Each structure stands twice: as C-alpha cells, then as structure tokens.
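> Dropping a prediction and its sequence here:
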Amino acid sequence: MDVGAVGALRSVRDAIGAARLVMDHTEHTLLVGDQASAFALSLGLSGPANLSTDDSLDLWSTWRDKKCQPNFWQNVIPDPRFSCGPYHTWRQSSRHSRMVQECGERTAARGSSQKGIGPANHDTISMAVIDKSAKIAVGTSTNGATYKIPGRVGDGPIVGASGYADDEVGACGATGDGDIMMRFLPCYQVVESMRLGRSPEQAAEDAIARIKRKFPLFVGALFAIDRHGVHAGACNGWTFQYAVQGHGMEDVEIYTVRPQS
C-alpha cells in the first residue's frame, strides 16, 4: 500500500520517475499540474523539456484543420464564429437547441473508437513485477488521451484504476478509455476478486464485463497476475496483447487476448 502518483505533468519526460519520487520522498499519494512538475525538477529529474515532436505537431495541425474533431466535449456548441470553441452550454445558447440535441444524439451513439481511442492511437504502459522475495509492484505511465480537454487527468495516476497491487494477492494493470474505466476501479476489482478465490482469468473477465454492461462500446483491456505468477488478460473493443518474462526466460512471451463475446 505504498503509492505515489502524478497527474497533468508538463515539461518533465520521466512521469513514472516523478511518481516514484512522490512515493519515496513525501507522505502524499498524488501531486498534479505545474506544482507536480516543479516538485519533480526540484528533486533532480531532467527538464524542463519541450515534449512536442514533429509528429505530434502534425497530428495537432491536422486535427485543427478538421474543425477539432474528434473531441471530448458533449452537450455544448462552439461559438458560431469558431469551430474549435470557445464552447457554450445550451442554457447560454438556447436558440441553438436543435443543434445541441443533434450533438447529444451523436455523443450517446459513439464509443471509445469514435473518440480516437484504439490500438493505433494509444500509448499506455502498465507493468507488474514480482521480485525474489515475492514483493509485488505495479506502475502505469501514459501521455493521456489524444485531443483531450486541457486539464484532463485520466486513469493513469488513480489508484485502483490503471493499476493495483497487493503482495498477499497479486496485481493488475489496465489500458484503454480511461475516462470510462476509472469509474469502475477495475484493477482494484481484479485484485479483490482474486483475494476471494477467483483465478486471474475469471477476475479479469469479470472486471471487463462489469464495464461492458454499462458501456458496451468502450475500448479497454487489462491483465491480471496472482502472487504465484499465474496471469491472464481480458479486453473489449480490440484485440489486446501483453508480454510476460519470468525467471530463466531469455526473452518475453507475447499473449494475445480477444474480446469477450
């Protein structure tokens, strides 16, 4: 139950290292925003750095040219002069009520893939490690959802959402539509299910099924591993792959998991 996390980190490349500094050198669990960046830099992480790349700038420019679509707004309309905002709620622009209604209908019908979340547009890394003394650790790091609203914090730094571990039971890591998945704390659910006697496969499938019942079109996946090293994965909306390497293995072994029917 030793935890450190950062969110909305800017200008610091090593986010997982910053999270480790929170765990090792503070009694807090989560630091966010500019002060999280300042904290990381003050304890020796390199930076500040410009984290934009030619690819990311091209991606952003293309998105702007497409009138900022897709995006994560809902139940709002843009200023009539600008397709990319500022946005207004229907209460501020009641004369556009039909436009708002149509926008709301489109939002209700779309799934994670329509928001730009999928295998080709995702960069979450979640990893669990069991050491020689049977201690278990899990870490998750991500750049966050592309085209997100500034200030958004996803499931990455939320304990029990993107990762969870307990030496007595095992661990879990997750990836996918964090805005949906974090509402269910799926990795906490997985570990607690294993504590109650479910296998990693049963625990993982149950956690995904709980989300799917409420959000059938969500895209996401997770892996589960118990304290003995037995592992499994489950997913929805895409075919998921995860890698495992154990004692005596020269290289990782890749496991492919297909969505539940």
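Sure, I can see it.
> which ones are touching residue 258?
235, 239-240 (C-beta atoms under 8 Å, 6 or more residues apart in numbering). Placement of C-beta: from N, CA and C, glycine included.
> tell me, how many neighbours does residue 172 end up with?
Residue 172 is flanked by 32 other residues according to other C-beta atoms under 10 Å.
> list the contacts for it?
Counting by C-beta under 8 Å, 6+ apart, residue 172 touches 128, 138, 163-165, 186-188, 190-191, 203-204, 207, 222-225.
> Now with 10 Å, please.
Residues near residue 172 by C-beta atoms under 10 Å, 6 or more residues apart in numbering: 126, 128, 138, 160-166, 186-194, 200, 203-204, 207, 222-225.
> among those residues, which are in helices?
Assignment to helices by DSSP state H places the following of those there: 186-194, 200, 203-204, 207.
> Tell me the one among the residues you listed nearest to residue 13.
The nearest member of the ones in helices among the contacts of residue 172 to residue 13, counting by C-beta to C-beta, is residue 187 at 25.0 Å.
> Go ahead and confirm the closest one touches residue 161.
Yes - judged on C-beta atoms under 10 Å, residue 187 makes contact with residue 161 at a distance of 6.4 Å.
> joint contacts of these two?
Listed contacts common to residue 187 and residue 161 are 140, 155, 172, 174, 181; contacts here mean C-beta under 10 Å, 6+ apart.
> How confident was the prediction at the last one?
Translated: residue 181. Here, the pLDDT recorded for residue 181 equals 96.
> pLDDT score for the nearest residue to it once chain neighbours are set aside?
Distances taken as C-beta to C-beta, 6 or more residues apart in numbering place residue 220 nearest to residue 181, at 5.0 Å, with adjacent residues excluded. At residue 220, the pLDDT value in this model is 95.
> So residue 220 sits against residue 183, correct?
No - counting by C-beta under 10 Å, residue 183 is not a contact partner of residue 220; they are 11.4 Å apart.
> for the stretch 101-250 of the chain, what are the low-confidence residue spans?
The model of the stretch 101-250 of the chain has pLDDT under 70 over residues 101-122.
> sorry, back to before: quick one, which of residue 187 and residue 161 is more surrounded?
residue 187 (33 against 23).
> That one and residue 81: what is the separation?
To residue 81, residue 187 is 44 Å away according to C-beta to C-beta, to the nearest Å.
> quick one: residue 56 is in a strand?
No - Residue 56 is assigned helix when assessed by DSSP: H, G, I helix; E, B strand; the rest coil, not a strand.
> confidence score at it?
Confidence at residue 56, expressed as pLDDT, is 91.
> just to revisit the earlier point, which one of residue 220 and residue 183 has more residues nearby?
Using other C-beta under 10 Å as the criterion, residue 220 and residue 183 rank with residue 220 on top: 28 against 13.
> Could you give the bridge partners of the more buried one?
Here residue 220 sits in beta bridges with residue 176, residue 236, as judged by DSSP bridges.
> for residue 231, same thing?
Going by DSSP bridges, residue 231 forms beta bridges with residue 225.
> how about it, what does it touch?
The contact partners of residue 231, taken as C-beta under 10 Å, 6+ apart, are 128, 170-171, 200-201, 204, 223-225, 242, 244, 246, 255.
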